[in-house]
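1. Provided below for reference: sequence and predicted model.
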Amino acid sequence: MTDKTTHFGFEQIPETEKAQRVGAVFDSVAARYDLMNDVMSLGVHRLWKRYTVELSGVRRGWQVLDLAGGTGDLAAHFAKLVGSQGRVVVADINAAMLQVGQDRLANQGLVGNVEFVQADAENLPFVDDQFDLITIAFGLRNVTHKEAALASMFRVLKPSGRLLILEFSKVTPWLKPLYDFYSFKALPLMGRLIANDADSYRYLAESIRMHPDQETLRDMMVDAGFEHCDYHNLSGGIVAVHRGYKL
Amino acid sequence: MSLPLPLLSAVEMLINQQVTQPAQHRLLVELSAKVLAIHLRGIDTWVYVLPYADGVYLLNQYEGCCDVQISGLPLTLLRLFKTGDVALLSAEQIQLIDEQAIFPDFLLLFSRLQPDWETLLTDKLDARWAAKITAVLDDSRQWQRQQQQAMAQSCGQWLHNRHLLPSRAELIDFTAQIQKLEQDLTQLTEKFNHFNI
């Protein structure tokens, strides 16, 4: 019998191992995840997330699911915007990341309308048609079966609800040499110096290259049933926000 | 057209850093379910203000319903929010629609924002440098005020010398005539009412 394989960065591994290995990466970086994000993106990740909030169209009273919500960056925005009548569920497969997010939001006084759930994006433990908005920021590329995850998101989204995917993507050609140098040389070095973990940050760079490009991901969303799908490139395509609706 | 996100985020951060007084927090809590839409006429740009307990969000896009909308030229609106002068609302350049009753609360919130530059800068810089920069800022504000006053005085003098402005005696006489006219009108109205004309 032959095991199905998938990519873990540039490495091919059995599918059954991916979740465990991704989990190990995030266990390793959880404590310094935010610091590293700031250093790696020179703080621009805050603007990317902020732009995602703008595209979300979030309103008072909405039910929001922040998938792979980890340290709660997006959830903190949404918790303020949905108000006390709304609800934000932060879901992440990784308990360590979830704990960091829970502590952080509690420190900001955001407790009343936020819930934390350890969940696998491929098999979401929620009833159908529950959320007005689902976001997944820098999480989809770590999911083994992206199609299954998109189908699961479609199921729990309310009709007229929307999905936003913020993810690293394919950069414009003129930026590629600089971006490659930064990703494969500078990033692991920074990972070693700041988080004492070069391997995890090498995985980050490699997993970005293996992630579907803008058009492919949009097609995947359409295949999952989402409509009016579009994407917005940010910072020369370093990241893209994909948006789709369940109608 | 929409404002650049870094600019909007910077303004939002600046506003939220100045929300320090308990009265401001109380106001934010009262306003926290409301949405103010600001239309910057001239550059045809919308900015949405969404308050929450500790600050406000400034968004370029908001798809929900807004509780109150204000439309005006950017500088006029800036002056309105800075001074909190409700009299400016009667100016033709500013239009206020929807739930107008809550707008004074928004105005109060913004007009109470007086940046304490020294505290803000001390967070980022050495205290001595923060104090020096604050002193320079204070001096420049003082200088700006003096120059404005001097210019207004010079303009007034010039207009007076050129006989483009009436003298003080002429103004008093003119005001007295207006008052007399108002009194006559009131009396006349009363007479009409008395005779049921």
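-> All right, it came through fine. Residues are numbered from 1 along each chain as shown, chains lettered A, B, ... in the order given.

2. residue numbers of chain B in contact with chain A?
-> By CB under 8 Å from any CB of the partner chain, the residues of chain B that approach chain A are B:5-6, B:9, B:32-33, B:50, B:52-54, B:57, B:59-64. C-beta coordinates here come from the backbone N, C-alpha and C atoms, glycine included.

3. just the ones of the residues you listed in helices?
-> B:L5, B:P6, B:S9 (DSSP state H).

4. Throw the residues you listed into a markdown table and include neighbour count and pLDDT, thanks.
-> Shown next, in a markdown table, are those (neighbours: other CB atoms under 10 Å in any protein chain shown; pLDDT from 0 to 100):
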| residue | neighbour count | pLDDT |
| --- | --- | --- |
| B:L5 | 17 | 85 |
| B:P6 | 12 | 85 |
| B:S9 | 17 | 86 |
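
5. give the buried residues for the longest strand seen in chain A.
-> Determined from DSSP state E, the single longest strand within chain A is strand A:157-168. Neighbour-count burial for strand A:157-168 flags A:L157, A:K158, A:G161, A:R162, A:L163, A:L164, A:I165, A:L166, A:E167, A:F168 (criterion: 16 or more other CB atoms under 10 Å in any protein chain shown).

6. same check on stretch A:88-104?
-> A:88-94, A:96-102, A:104.

7. B:R41 and B:L73 touch, don't they?
-> Yes: contact criterion CB atoms under 8 Å: B:R41 and B:L73 qualify, at 5.3 Å.

8. overlap in contacts of the two?
-> Common neighbours of B:R41 and B:L73 (criterion: CB atoms under 8 Å, 6 or more residues apart in numbering or on different chains): B:Q93.

9. what are the ranges of the strands in chain B?
-> Going by DSSP E, chain B shows strands at B:36-40, B:45-52, B:55-59, B:68-72, B:95-98.

10. who touches the longest strand of chain A?
-> So strand A:157-168 is contacted by A:48-49, A:52, A:55-57, A:63, A:129-141, A:150, A:153-154, A:208, A:211, A:217, A:221, A:226, A:238-247 (CB under 8 Å, 6+ apart).

11. in helices, which of those residues appear?
-> Reading helices off those with DSSP H, I get A:W48, A:K49, A:T52, A:L55, A:S56, A:L150, A:M153, A:F154, A:I208, A:L217, A:M221.

12. hang on, the third one packs against A:T135?
-> Same thing as A:T52. Yes: applying CB under 8 Å, one finds A:T52 in contact with A:T135, separated by 6.4 Å.

13. what's the overlap in contacts for the two?
-> A:L74, A:L164, A:L166.

14. show me where pLDDT drops low in chain A?
-> Along chain A, segments meeting pLDDT under 70 span A:1-3, A:9, A:28-31.

15. restrict the contacts of strand A:157-168 to contacts with chain B.
-> Applying CB under 8 Å from any CB to the contacts of strand A:157-168, those adjacent to chain B are A:L55, A:G57.

16. in PyMOL, select just the buried ones from the contacts of strand A:157-168.
-> Buried subset of those, written as a PyMOL selection, criterion 16+ other CB under 10 Å:
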select buried, chain A and resi 48+49+52+55+56+57+63+130+131+132+133+134+135+136+137+138+139+140+141+150+153+154+208+211+217+221+226+238+239+240+241+242+243+244+245+246
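
17. against chain B, how distant is the closest residue to A:E227 other than its chain neighbours?
-> In this structure, A:E227 finds its nearest non-sequential neighbour in A:L247, 4.9 Å apart by CB to CB, 6 or more residues apart in numbering or on different chains. Separation of A:L247 from chain B (CB to the nearest CB, to the nearest Å): 15 Å.
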